[in-house]
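> got a structure for you, letters missing:
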């Protein structure tokens, strides 16, 4: 891809914030922030346990998540700005990358000049990836819907909520990268307090993993770094390449 420097710099800045999120989470995990507590009323032959967080999640983590997502959203707005310039137009305050809930919303965005002087072919591409095309499978599958919702919450309402959750280690694939262990796999997608009764799935010595999840909107229940990295990869690897030909 050969994109203008403004887009490349903004994308790089989003990645820097994303890496800072990972580093803050790793520091938090190193402090052993939670534990499984055995319940007193559990049966001796099948004791039950509840996960309890011992330390609150530092505010710097959700704040950095918001910074990463805000910069990633800005990459798309920078894209519109540069598309207008590449088409020999003059970008202004009205220009932005529209993310719309309905075809009518997209038409209204066009009337407000969001894509004025953007090449028609590029406008068609932008319209073709709008969240309303995901209505049959769910907006939680739309990268633009997830990104826009989280950014709006962070920018206009409140700091993004993150919580600790747990899952049996058997549900998670453990991989080593650069000397550190990372978990991937099927995680519980809500903020419910979990009770684990031993043995779990027939395993008397089952182990559990704690993870930090986004607790907002379409992304609710998604592990933090997984969510951010997926959004970064989709913007960089799926959305931006659609417009590569406009910057030859």
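Perfect, I can see it now. Remember, it's a predicted structure, so these values are computed and weren't measured experimentally.
> Show me where this protein dips below the pLDDT cut-off.
For the chain, the stretches with pLDDT under 70 are 1, 42-46, 167-208.
> Is the residue nearest to residue 115 when sequence neighbours are not counted part of a helix or strand, or is it coil?
Leaving aside its sequence neighbours, residue 115 sits nearest to residue 123 (CB to CB, 6 or more residues apart in numbering; 5.1 Å). C-beta coordinates here come from the backbone N, C-alpha and C atoms, glycine included. Taken by DSSP: H, G, I helix; E, B strand; the rest coil, the conformation at residue 123 corresponds to helix.
> gap between residue 123 and residue 219?
To residue 219, residue 123 is 28 Å away according to CB to CB, to the nearest Å.
> Then residue 60?
Residue 60 sits 19 Å away from residue 219, going by CB to CB.
> When these two are compared, which one has more neighbours?
More neighbours surround residue 219 than the other of residue 60 and residue 219, with 25 against 13 (other CB atoms under 10 Å).
> Is that one in contact with residue 148, as I believe?
No - using CB atoms under 8 Å, residue 219 makes no contact with residue 148, being 11.2 Å away.
> where along the protein do the helices fall?
Residue ranges of the helices in the chain, as given by DSSP state H, are 5-30, 60-86, 103-111, 120-128, 143-152, 224-234.
> quick one: buried residues of the fifth one?
So the one you mean is helix 143-152. Neighbour counts using 16 or more other CB atoms under 10 Å place 143-151 of helix 143-152 among the buried residues.
> is it possible to export these to TSV including distance to residue 54?
Formatted as TSV, the buried residues of helix 143-152 follow (distance: CB to CB, whole Å):
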residue	distance to residue 54
143	35
144	37
145	35
146	30
147	32
148	35
149	31
150	27
151	31
